[in-house]
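Peer 1: My questions are about this predicted structure, shown below with the sequence.
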Amino acid sequence: VFVSASPEHWCRIPELENITGLMSLEERKALSLPIDIKSDGRRQFSRCYMYDVNYTAIIEDWLQNFNSQINASVTTKLPPPPVSNVSWPRTKCQHGWIYDKRDYESTLVTE
């Protein structure tokens with residue numbers, strides 16, 4: 001039996017999937033997804049668009065900066081994660097979607 005509900009979802013960004021120990025889900029969304037303004041004024045991460053940037057380079061720069069600070073004995077604390085820039089180009093989801101399965105394990109949309 002399938003539920004026809006559309007669960008919360010967002011663009012899948014493969015380059016950000018291996019850094020879950022360094023960045024929370026919300027931080028990864030803040031880096032990769034534009035903000036949409038709903039008709040009632042609510043702000044939410046886009047379900048259909050992502051920023052069209054080189055995420056691997058952004059993460060490498062962030063970590064290289066951290067490593068430089070460690071080598072200079074400036075800090076041992078991870079700096080704040082990178083965030084998006086609204087001027088970055090947007091594109092439709094390129095690698096499918098990730099579905100929030102907290103409410104529904106399987107729906108018509110996720111299948």
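Peer 2: Good, I have the coordinates. All values reported here derive from a predicted model rather than from experimental measurement.
Peer 1: In contact with the residue positioned nearest the centre of the chain, which residues?
Peer 2: Centroid-nearest residue in the chain, with CA atoms, centre = their mean: residue 29, separated by 2.7 Å. With contact taken as CB atoms under 8 Å, 6 or more residues apart in numbering, residue 29 is in contact with 10, 45. Heads up, the C-betas are built off the backbone N, CA and C, glycines and all.
Peer 1: For residue 9, see how far away it is.
Peer 2: 11 Å (CB to CB, to the nearest Å).
Peer 1: same thing with residue 34?
Peer 2: 15 Å.
Peer 1: hmm, which helix or strand of the chain has the shakiest average pLDDT?
Peer 2: helix 55-71 (a mean of 85; mean pLDDT, DSSP states H and E).
Peer 1: the more surrounded of residue 34 and residue 9?
Peer 2: residue 9 (18 against 15; other CB atoms under 10 Å).
Peer 1: Just grab the bridge partners of the more buried one for me.
Peer 2: Note on residue 9: beta-bridge partners residue 99, judged by DSSP bridges.
Peer 1: show me what contacts it?
Peer 2: Residue 9 touches 47, 97-100, 109, counting by CB under 8 Å, 6+ apart.
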